[in-house]
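Trainee: Quick one, fold the following:
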Amino acid sequence: MTRPARADVPEIDDFARPYWDAAAEGRLLIRRCHAAGCGRAHHYPREFCPYCWSADAGWEEAGGGATLYTWSVVHRNDLPPFGSRLPYTAAVVDLDEGPRMTTEVVDCPEGELRIGMRLRVAYRRLPDAGVVVPVFRPEGPAGPEGPAGPEAVAGPDGVGG
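Mentor: Numbers count the residues shown, from 1 in each chain. As a prediction, this is how the structure comes out:
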């Protein structure tokens, strides 16, 4: 029996596999251009630099820090399994290395979200999908430890499960 497609599960190809394998180990990877005169970091993973179009780019481990750029609290989503997570905070963050990343902010009440607030990467295991995805939580004491919703979330030193 084939499982229905889920909107929260990425299609992992050979190129992006290092990114997802690193997430499963509690590490966040980005790509950086190695072309002379460029050197810019980018995210989402792609085989070329989106700034200079060079194919001379490689994987680099990010530090895990970010700043909240924008967000939207989602109160209705009919796609499985998002209904069981409502409400959740879809967000765009600025990674300390420069790239912007679409993600989710966890462990932060809606009223405490602020543009420019410091965040730290955490990881959500999707146990029935065999995938771990990066999410972000407030940096420091504002971010409580423990699971966020039905899937465990852990900091960069370990993946929840």
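Trainee: which residues touch the most centrally placed residue in the chain?
Mentor: Among the residues of the chain, the one closest to the centroid is Pro134, at 3.3 Å (Cα atoms, centre = their mean). Listed by Cβ atoms under 8 Å, 6 or more residues apart in numbering, the contact set of Pro134 reads 23, 28, 101, 103, 121-124. All C-beta spots, glycine's among them, are computed from the backbone N, C-alpha and C.
Trainee: which of these tops the neighbour count?
Mentor: Ala122 (27 neighbours; other Cβ atoms under 10 Å).
Trainee: Per-residue pLDDT of it, please?
Mentor: We have a pLDDT of 97 for Ala122.
Trainee: Determine the set of other helices and strands touching the helix or strand harbouring it.
Mentor: According to DSSP states H and E, Ala122 maps onto strand 118-126. With contacts defined as 3 or more Cβ pairs under 8 Å, 6 or more residues apart in numbering; DSSP states H and E, strand 118-126 has these neighbours: strand 65-74, strand 131-138, strand 153-154.
Trainee: Mind putting those strands into TSV with mean pLDDT and distance to Asp107?
Mentor: Putting these into TSV (pLDDT from 0 to 100; distance: least, Cβ to Cβ, whole Å) gives the following:
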stretch	mean pLDDT	distance to Asp107
strand 65-74	97	13
strand 131-138	96	4
strand 153-154	57	7
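Trainee: Ok, which of those strands comes nearest Pro10?
Mentor: Nearest to Pro10, of all these, is strand 131-138, at 6.5 Å by Cβ to Cβ.
Trainee: what angle do that closest one and strand 65-74 make?
Mentor: Interaxial angle, strand 131-138 versus strand 65-74 (axes from the mean of the first three to the mean of the last three Cα atoms, to 10 degrees): 100 degrees.
Trainee: for strand 131-138, the distance to its chain's centre please.
Mentor: 5 Å (Cα atoms, centre = their mean, to the nearest Å).
Trainee: That's all I had, so thanks and see you.
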